[in-house]
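Participant: sequence and computational prediction follow.
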Amino acid sequence: MRKYSVLCIIDTVRQALVGGKARVAVTESARRKRWHRDDWASTFGVEKETKLEENWPAGTRVAVVLSFDTQGDVDAAIPGTTGTWKNGAVNFADLTQRQYDIRCGVPRILELLAEHGVKATFPICGITAEWYPETVREIQAAGHEVAVHGHWHLLFNTLAPEEQRRDIEDGTKAVADALGEQPKGFVSPVFSTTSDSFDKMLELGYLWNSDFDNDDLPYLLEKNGKTIVQLPVGLNDWDLWLMQDALGARMGGVPYASPSNVTDVLTSQFDQLYKESAREPRIFHYTLHPKITGRPYRAWSLGKFIEHAKSHDGVWFCTASDVAKLCV
Ligand SMILES: [Zn+2]
């Protein structure tokens with residue numbers, strides 16, 4: 001009898017807990033459903049029309065923006081990340097893969113871009129710029145744009161507001177010091193934007209940000225009396241080559257991608273945009289990583305795409321800032 005009572009009490013408590021959780025879940029779900037309607041403007045600002053069409057260069061049909069997120073072995077230096085085993089020991093397999101980024105990835109990409117005579121954008125982490133200033137200078141000397149990709153490649157949505165602000169300030173300063181000029185663009189690590197990190201980008205006067213994935217064309221966001229160009233992410237080599245997550249699969253990733261498959265995705269995307277560009281400007285934005293596409297067979301695939309795009313009239317390989325300047 002006593003045992004039965006105890007079980008009853010446990011069951012009552014369990015039901016109360018489960019019921020409570022369910023109620024929380026319903027409230028949360030309703031809040032999220034309303035979120036995108038009610039809170040977008042207060043979080044990221046009011047959308048404004050761009051001047052892209054009126055400033056669009058005569059004779060241009062498609063602007064191709066290749067953007068290489070570069071972080072080197074930054075993550076590997078952070079305890080508890082993939083750069084360490086669970087017991088805290090350094091994971092040299094992971095570390096050395098990340099080192100490939102600066103050692104081989106960036107040089108191969110720079111060579112490929114030079115071979116085809118095209119410009120690109122390199123959002124780089126502040127710490128990477130501190131550790132490898134010669135790489136920053138080499139990218140800059142080749143005429144490419146260097147932007148900012150956070151300082152320590154930390155996810156902003158896991159940090160306190162003050163930590164986010166400090167990371168963005170530190171990253172901006174480190175890249176500016178290496179460049180000798182103020183960077184104009186910011187890409188959040190893993191697109192982990194928050195209202196606080198977004199406010200900091202605005203405060204620092206960034207011209208453009210590329211964290212969102214909700215449009216083909218850039219648009220303006222105005223908040224706190226400041227304006228920033230949002231250049232949507234476009235295709236991502238992480239999804240195309242590695243398909244690391246379900247999102248990658250849903251968004252067009254190719255499992256165990258072969259180089260020809262990836263080239264096929266890129267040229268198909270381009271061909272459709274080129275067709276549409278007969279009536280209005282089109283932008284082919286491709287977010288890449290030197291540690292991924294800088295591997296030889298993947299660089300081959302990118303080279304094939306560049307050749308394909310260049311064989312069309314009115315194709316402009318440019319930087320993210322080139323496009324952003326047309327918008328304001
Ligand atoms: Zn990154």
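Facilitator: Perfect, thanks for sending it.
Participant: list the contacts for the residue in the stretch 1-150 of the chain that the ion sits nearest to?
Facilitator: Using Cβ to the ion, the point where the stretch 1-150 of the chain gets nearest to the ion is D69, with a distance of 4.3 Å. Where C-beta positions appear, they are placed from N, C-alpha and C, glycine not excepted. Taking Cβ atoms under 8 Å, 6 or more residues apart in numbering as the contact definition, D69 lies against P123, H149, V187, T287, L288, H289.
Participant: wait, F156 sits on V187?
Facilitator: No - between F156 and V187 there is no contact, the gap being 11.5 Å when judged by Cβ atoms under 8 Å.
Participant: quick one: contacts for L326?
Facilitator: L326 neighbours (Cβ under 8 Å, 6+ apart): T50, K51, L52, N55, W56, P57.
Participant: ok, of those, which come out buried?
Facilitator: Burial by neighbour count, judged by 16 or more other Cβ atoms under 10 Å, picks out T50, L52, W56 from the contacts of L326.
Participant: pipe these into TSV and attach pLDDT and secondary structure per row.
Facilitator: Output for the buried ones among the contacts of L326, formatted as TSV (pLDDT from 0 to 100; DSSP: H, G, I helix; E, B strand; the rest coil):
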residue	pLDDT	secondary structure
T50	95	coil
L52	97	helix
W56	98	coil
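Participant: will you turn the residues you listed into CSV that also has distance to the ion?
Facilitator: Output for those, formatted as CSV (distance: Cβ to the ion, whole Å):
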residue, distance to the ion
T50, 26
L52, 27
W56, 30
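Participant: now, among those, which is nearest to Q164?
Facilitator: T50 (27.0 Å; Cβ to Cβ).
Participant: the closest one and T84, how far apart?
Facilitator: Using Cβ to Cβ, to the nearest Å, T50 is found at 44 Å from T84.
Participant: over to R298?
Facilitator: 27 Å.
Participant: who has more neighbours, those two?
Facilitator: Remark: of R298 and T84, R298 carries more neighbours, 23 against 18, as counted by other Cβ atoms under 10 Å.
Participant: quick check: buried residues in the helix or strand harbouring that one?
Facilitator: Element membership of R298 [criterion: DSSP states H and E] is helix 296-310. By 16+ other Cβ under 10 Å, the buried positions in helix 296-310 come out as R298, A299, S301, L302, G303, K304, F305, I306, A309.
Participant: and it, how far out from the chain middle?
Facilitator: Relative to its parent chain, helix 296-310 has a centroid offset of 21 Å by Cα atoms, centre = their mean, to the nearest Å.
Participant: same for the following helix or strand past it, what does it pack against?
Facilitator: Note on helix 296-310: by DSSP H and E, the next helix or strand toward the C-terminus is strand 315-318. Counting contacts by 3 or more Cβ pairs under 8 Å, 6 or more residues apart in numbering; DSSP states H and E, strand 315-318 packs against strand 62-68, helix 296-310.
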